[in-house]
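Participant: here is the input, now give the coordinates:
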Amino acid sequence: MTQHSFPVRIYYEDTDFSGNVYHAAYLKFFERGRTEFLRDEGIHHSELAAQGIAFAVRSMELQFDGAAHIDDLLTVTTEVATISGARLTLRQAILRDQTVLTRANVVVVAIKTAGGPARMPREILARFAAKA
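Facilitator: Next up is the predicted model:
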């Protein structure tokens, strides 16, 4: 599958006392990348919520390979690794130019907004099955 790319600019609020991006800020960047990836695929959180479905992060494995700094322009990449009836596994990376700074493997599950697990909507399964 072709990687989806989303640009992120680093602001002062994203950094810590050392001038590096604070580690938890990367979670926000990955979330934005996943949301824009889904949006570009025609999947909108508000439409899923109207159907009583939401996505929740089940697990995330992170690797920090380098640091980002104020004013850096980064790229968040997202691609489907695997999909099943209730889980979508995504590979993500944050890069500065061509240098990978942070990597993540993210397992997202479908849940009912009223509580409890849900099956992945059929249209999502169909869309991503060929891309995994």
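Participant: when you work out contacts or count neighbours from here on, use the C-alpha atoms and nothing else.
Facilitator: Will do.
Participant: now His44: closest residue in space that isn't a chain neighbour?
Facilitator: Of all residues beyond its chain neighbours, the one nearest His44 is Leu38 (6.7 Å), with distances taken as C-alpha to C-alpha, 6 or more residues apart in numbering.
Participant: I figured the one you found hits Glu47, correct?
Facilitator: No: counting by C-alpha atoms under 8 Å, Leu38 stays clear of Glu47, with 11.7 Å between them.
Participant: higher neighbour count, those two?
Facilitator: Neighbours per residue (other C-alpha atoms under 10 Å) separate Leu38 from Glu47, with Leu38 holding more: 16 against 12.
Participant: give me the element that one is part of.
Facilitator: Of the helices and strands defined by DSSP states H and E, Leu38 is found in helix 25-40.
Participant: what comes up buried for that helix?
Facilitator: Neighbour counts over helix 25-40 (16 or more other C-alpha atoms under 10 Å) mark Tyr26, Phe29, Phe30, Arg32, Gly33, Arg34, Thr35, Glu36, Phe37, Leu38 as buried.
Participant: which other helices and strands contact that helix?
Facilitator: Where contact means 3 or more C-alpha pairs under 8 Å, 6 or more residues apart in numbering; DSSP states H and E, helix 25-40 is packed against strand 4-9, strand 73-83, strand 87-96.
Participant: which ones are touching Leu62?
Facilitator: Taking C-alpha atoms under 8 Å, 6 or more residues apart in numbering as the contact definition, Leu62 lies against Thr102, Arg103, Ala104, Asn105.
Participant: re earlier: pLDDT and distance to Leu95 added to the buried residues of helix 25-40, as TSV?
Facilitator: Written out in TSV, the entries for the buried residues of helix 25-40 read as follows (pLDDT from 0 to 100; distance: C-alpha to C-alpha, whole Å):
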residue	pLDDT	distance to Leu95
Tyr26	98	11
Phe29	98	11
Phe30	98	11
Arg32	97	14
Gly33	98	12
Arg34	97	15
Thr35	96	18
Glu36	97	17
Phe37	96	16
Leu38	94	20
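Participant: looking at the residues you listed, which is nearest Gln63?
Facilitator: Top of the list for closeness to Gln63, among the buried residues of helix 25-40 and by C-alpha to C-alpha, is Tyr26 at 10.7 Å.
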